[in-house]
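[1] This is a predicted model, with the sequence first.
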Amino acid sequence: MKATKKVAVILTGLAVMVLVSGCTDWKKKYEALNVEHENLKGLYDNCVATSGQATGMADELASCRAQVQDLTAQLEGGQPKTTGFEGMDQSYDPSTGDITVTLPNALLFDSGKVTLKSTTVSQLDEIISVLRERYAGKEVDIVGNTDTDPIKKSKWQDNWQLGSERALAVVRYLQGKGVNATELRAVSCGEYRPLGTNKTQNRRVEVVVHTR
């Protein structure tokens with residue numbers, strides 16, 4: 001029982017440390033977490049050898065190990081070995097820990113429309129699955145981007161509104177599929193964050209996962 005109490009104390013400290021955000025010194029956090037991991041591993045091995053009270057500790061140890069690996073990747077400034085979004089158009093920003101998945105508007109919407117195509121939401125469903133399995137509790141921005149063509153034949157006032165409505169359509173779809181609404185945010189960049197001169201490429205919706 002003493003070993004179990006020690007484990008509880010270590011896990012409590014670990015939870016507090018993982019929840020710290022903002023101006024955290026990642027190197028110090030990594031070193032402290034690594035120490036906690038080694039302590040936890042030692043207590044786990046001791047429990048297995050002496051008392052058999054290791055139920056549930058294996059999962060906690062695996063979780064701690066995964067956090068050490070993630071922090072190692074962040075300190076090295078590289079992309080995590082896997083994000084869950086493999087096979088999609090994704091990018092990773094090591095300075096912020098943000099993962100961005102880009103979806104062309106043509107995949108989701110007809111020209112000038114903000115209603116999701118029923119035949120092309122399967123990729124959104126894949127994204128939802130990854131969010132549930134790997135990023136539960138993380139904030140997610142849905143960003144609508146348009147080209148520079150002026151609004152002429154639709155009811156939208158400008159490209160700001162068109163980008164907003166498309167971002168909202170995706171947010172509502174994710175919420176309807178069970179993604180926590182408190183973790184979602186709809187954002188419009190209108191025509192003002194182009195990827196280049198290719199108009200088709202600029203018409204896109206981005207799913208930005210804030211992993212830190």
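    Cool, the structure landed. Numbering: from 1, shown residues only.
[2] Of all the residues in stretch 119-128, which ones are buried?
    Across stretch 119-128, burial judged by 16 or more other Cβ atoms under 10 Å covers 121, 123-124, 127-128. In short, each C-beta sits where N, CA and C put it, glycine included.
[3] Among the residues you listed, which ones are in helices?
    Counting by DSSP state H, the part of those found in helices is 123-124, 127-128.
[4] so V208 sits right up against T100, yeah?
    Yes - counting by Cβ atoms under 8 Å, V208 does reach T100; the two are 5.0 Å apart.
[5] So those two - more neighbours on which side?
    V208 (19 against 16; other Cβ atoms under 10 Å).
[6] Contacts only, for that one.
    V208 sits next to 98-100, 140-143 when contact means Cβ atoms under 8 Å, 6 or more residues apart in numbering.
[7] Which PyMOL command selects the buried ones in these?
    Per 16+ other Cβ under 10 Å, the buried members of the contacts of V208 correspond to this PyMOL selection:
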select buried, resi 98+99+100+140+141+142+143
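[8] Now render the contacts of V208 as JSON lines, adding secondary structure and pLDDT.
    JSON lines is the format used below for these (DSSP: H, G, I helix; E, B strand; the rest coil; pLDDT from 0 to 100):
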{"residue": "D98", "secondary structure": "strand", "pLDDT": "96"}
{"residue": "I99", "secondary structure": "strand", "pLDDT": "97"}
{"residue": "T100", "secondary structure": "strand", "pLDDT": "97"}
{"residue": "V140", "secondary structure": "strand", "pLDDT": "98"}
{"residue": "D141", "secondary structure": "strand", "pLDDT": "98"}
{"residue": "I142", "secondary structure": "strand", "pLDDT": "98"}
{"residue": "V143", "secondary structure": "strand", "pLDDT": "98"}
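[9] of the contacts of V208, closest to L108?
    The shortest gap between L108 and any of the contacts of V208 belongs to I142, at 11.0 Å (Cβ to Cβ).
[10] Surely the closest one is in contact with A167?
    Yes - with contacts counted by Cβ under 8 Å, I142 reaches A167, the gap being 4.6 Å.
[11] Overlap of the contact sets of the two?
    In contact with both I142 and A167: 186-187, 205, using Cβ under 8 Å, 6+ apart.
[12] Give me the common contacts of V208 and T100.
    In contact with both V208 and T100: no residue, using Cβ under 8 Å, 6+ apart.
[13] Done for today, thanks.
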